[in-house]
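Undergrad: Predicted model, plus sequence, below.
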Amino acid sequence: LGEGFGLPVLEAMSAGAPVLCADNSSLPEVMGLADAMFDAEDPVSMAEKLFRVLSDAQFASALRMHGRRRAELFNWHDTADRALEAIRSHAQKAAVKQRTASVFTLAASTLAVRPHGDAENREIMHLAYNRPSEGPGRLLIDVTYQNGGTPGSGIARVAARICQTLGDTVPGGLAIVPVAAVPDQPHFKVARNFIAAAGLESRNLPETDILSLRHGEVILGLDLNHHLRPQMPFIDRLQKLGGKSFAVVYDLLPLQRPDWFPHVIRAGHEDWIRQVTLFDGLICISSAVADDLKVFRQTLPEQHQRSQ
């Protein structure tokens, strides 16, 4: 009756099964074959497709062939590359021009020899505070939910495989650091449980668990962290330090079909959507989700319209 993407359909096609699916939400984007779809709200339509695939060997064979070819169009390397490209298209370049960096350096040295307190000094202090950090930039990947040991849901598999595909660094020298929110605090920590479970490289990890923000960092919300609100001061500070924030939106089903979900899930998902619309960019897992999000954002205040 509704999907954000349709991973079970894709996995079944990849395994060589003859696959049928509904003709709604994002499923046509994954299936790519009208003859293999049915109206999920019409039992007769569904029964006709099931009868045909069970009784027509040629049709079942054609579905298997189509499924294998279709599945080859979806792979983790392309998924990771497209996510990075979406980030690059919106994020500012991490490298700061040398003349700009010299302004920050001068501000820091001036602050060290001048008395504190006056208005001019406060401006110098803000320059010094925003001085670019030395060393490689970092791509912080929020995997809060998975770091808690959540069983292998579709989102968990997506998060693990994208992190594994990205590896230790991405083009441009950004170091990959999986992170998790500190409960009820405006901080993120290194997601060591997730890193160990996913078998990821760890040479770029900071020595301390609680992250200290650097200038120009990028955070990618790859997880469904329904408890994001306490971390919004962290996101705000990251943006003020010249960083960029992005989140992956998997679906809006708890908002579209509230009768399918407990109240705590509906409320948590709506609050999460409201928070991530304050990010710099949103990456939707399908065109159908992107269209749904555009409609929902029209109901939100103006400050929630800034993300792209």
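TA: Thanks, I have the structure now.
Undergrad: Secondary structure element holding Leu54?
TA: For Leu54, the host element (DSSP states H and E) is helix 43-55.
Undergrad: For that helix, buried residues please.
TA: Lys49, Val53 (16 or more other CB atoms under 10 Å). Every residue, glycine included, has its C-beta placed from N, CA and C.
Undergrad: ok, now stretch 22-36?
TA: For stretch 22-36, a neighbour-count test (16+ other CB under 10 Å) marks Ala22, Asn24, Ser25, Ser26, Leu27, Pro28, Val30, Met31, Leu33, Ala36 as buried.
Undergrad: Break down the stretch 101-250 of the chain into its helices, ranges please.
TA: Assigned by DSSP state H, counting those that start in this stretch, the helices in the stretch 101-250 of the chain fall at 119-129, 144-147, 154-166, 192-198, 232-240.
Undergrad: Give me the distance from stretch 191-207 to the chain's centre.
TA: Relative to its chain's centre, stretch 191-207 lies at 18 Å (CA atoms, centre = their mean, to the nearest Å).
Undergrad: on that earlier part again, between the helices of the stretch 101-250 of the chain, which has the poorest average model confidence?
TA: Lowest mean pLDDT of the helices of the stretch 101-250 of the chain: helix 119-129, a mean of 48.
Undergrad: Flag the shaky bits of the stretch 1-150 of the chain, pLDDT-wise.
TA: Counting by pLDDT under 70, the stretch 1-150 of the chain shows low-confidence ranges at 76-136, 149-150.
Undergrad: what's near enough to touch Val19?
TA: Val9, Ala12, Met13, Met31, Ala36, Leu63, Gly67 (CB atoms under 8 Å, 6 or more residues apart in numbering).
Undergrad: Same check on Val248?
TA: Ala83, Leu220, Gly221, Leu222, Leu282, Ile283, Cys284, Ile285.
Undergrad: quick one: it from Gly4, how far?
TA: For Val248, the distance to Gly4 equals 10 Å [CB to CB, to the nearest Å].
Undergrad: Now do the shared contacts for the two.
TA: Joint contacts of Val248 and Gly4 (CB under 8 Å, 6+ apart) are Ile285.
Undergrad: Okay, strands next: where are they in this protein?
TA: Here the chain has its strands, by DSSP state E, at 21-22, 37-38, 138-142, 169-170, 174-181, 188-190, 218-221, 244-249, 281-284.
Undergrad: Looking at those, which is nearest to Ile162?
TA: Among those, strand 138-142 comes nearest to Ile162, with 8.0 Å by CB to CB.
Undergrad: so what's Pro206 closest to, chain neighbours aside?
TA: Sequence neighbours aside, Val190 is the residue nearest to Pro206 in space, at 6.4 Å (criterion: CB to CB, 6 or more residues apart in numbering).
Undergrad: shouldn't that neighbour be in contact with Val182?
TA: No: if you go by CB atoms under 8 Å, Val190 and Val182 don't touch, sitting 10.8 Å apart.
Undergrad: Between the two, point out the one with more neighbours.
TA: Between Val190 and Val182, Val190 has the larger neighbour count (other CB atoms under 10 Å), namely 21 against 17.
Undergrad: Much appreciated, bye for now.
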